[in-house]
Structures are given as structure tokens and as C-alpha cells.
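All I have is the shape, not the residue letters:
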Ligand code: SF4
Ligand code: SF4
């Protein structure tokens, strides 16, 4: 007897961002925390320049937001990712799953959803943990520009 296995298409290939449920949407975040870094935008060409200064609400042990439910109230500059804010996601890191999918691209091999390993993002060197300082400890942001964020 031959047993036929049919491979299920992963939800991020099968659905648009608008079709995803809450759990699917949240699982897209790989936890890199790159979006919790302060950055500058070049007004001429929209280039984004990252600093190594992170938001004071970031939990530097886990890479998660220290108060996710109330982040918008506590940090008004924190942009909540929605279909609307993802319409033109150039301001997000190029590796961010929300940006990749919003731009019609696939997730990288190291994304935990693809690898099945929650640590693969760390192994691939995409976490900011241990490489940044808190805004409370930083001087002028201009002094903290970095090039290691893509
Ligand atoms: S940059 Fe994207 S994937 Fe990384 S923590 Fe922010 S929302 Fe999540
Ligand atoms: S409020 Fe939370 S999610 Fe927003 S930038 Fe700060 S740590 Fe990141």
C-alpha cells in the first residue's frame, strides 16, 4: 500500500495579510526587535538610518516589548503594524516579515515559521539583543548611527 502525503501550504503563502487571523498575524513577528531602535529618515530619498539606541520599554532579556498591550499609550511614537501602516512599509527593517509579505516577498529560511526553530532568528544574527543601549543611557542619537541593521 502506498501512503500519499499532501503538503499543506503555509498560511503566509496561502493568505494575504488581510486574511490572517490574530494568531497568524502575531506569529509573523520573528522577535528581532529591530523596529524598537530609533532611526532617522533621509527626507530626500526615504533612506532609513538605524541607531543602536532602543526604546526604553524594550525587555532586553527577551527582545519583547515590556508592555505590549499599552505600548501605544506609553510610547506614542511606536507604530502599531496594521494593514494601513503596512501599505508603504519602507520604514521597517528589510528582514521584517510584515514588510516582506506586504511587498509580495517570501519569508527567509531562518524565520522561525519556516525553520520550525524559535532560535533560528538568533542563530542567523538578526536579534539586536546585546548590541544596543537604552535611550535613557544614550546621548545625541546622531552619535549612535549604525550600519549593521538591514
Ligand atoms: S522588525 Fe518586524 S519581525 Fe522584527 S520585531 Fe519588529 S515587527 Fe517583529
Ligand atoms: S513600545 Fe514596545 S514595541 Fe514599541 S518600540 Fe518600544 S519596545 Fe518596541
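Yep, that arrived. What you see is a predicted model; the values in this text were computed from it and never measured. Ligands and ions are numbered 1, 2, ... in the order given.

Would you check that residue 128 makes contact with residue 32?
Yes. In terms of C-beta atoms under 8 Å, residue 128 counts as a neighbour of residue 32; the distance is 6.6 Å. C-beta here means a position set from N, CA and C on the backbone, and glycine is covered the same way.

Okay, the residue positioned nearest the centre of the chain and residue 47: tell me how far apart.
Compute the mean C-alpha point of the chain, and by C-alpha atoms, centre = their mean the closest residue is residue 96, 4.2 Å away. According to C-beta to C-beta, to the nearest Å, residue 96 and residue 47 sit 16 Å apart.

what do you get for residue 40?
Where residue 47 is concerned, residue 40 sits at a distance of 9 Å (C-beta to C-beta).

So the two - more neighbours on which side?
More neighbours surround residue 40 than the other of residue 40 and residue 47, with 13 against 10 (other C-beta atoms under 10 Å).

What pLDDT is listed against the more buried one?
As predicted, residue 40 sits at a pLDDT of 97.

Look up which helix or strand the closest residue in space to it that isn't next to it in sequence falls in, please.
Excluding the flanking residues, the one nearest residue 40 by C-beta to C-beta, 6 or more residues apart in numbering is residue 49, at 4.6 Å. Using DSSP states H and E, residue 49 falls within strand 48-54.

in the protein, what spans have low per-residue confidence?
Applying pLDDT under 70 to the chain flags the ranges 1-6.

Would you map the strands across it?
For the chain, the strands defined by DSSP state E cover 37-41, 48-54, 133-134.

returning to what we had before: mind listing the shared neighbours of residue 128 and residue 32?
Common contacts of residue 128 and residue 32 (C-beta atoms under 8 Å, 6 or more residues apart in numbering): residue 63.

about what we covered before: the residue nearest to the centre of the chain contacts residue 34, doesn't it?
Yes. Using C-beta under 8 Å, residue 96 is in contact with residue 34, at 7.0 Å.

anything in stretch 135-150 near ligand 1?
No. For a cut-off given as C-beta under 6 Å from any ligand atom, stretch 135-150 has no contacts with ligand 1; the smallest distance is 9.5 Å.

Start at 827, not 1
From this message on, residue numbering opens at 827, which makes the last subject stretch 961-976.

buried residues in that stretch?
961, 964, 970, 975 (16 or more other C-beta atoms under 10 Å).

Regarding that stretch, how distant is the last residue from the first?
One end of stretch 961-976 sits 21 Å from the other (C-alpha to C-alpha, to the nearest Å).
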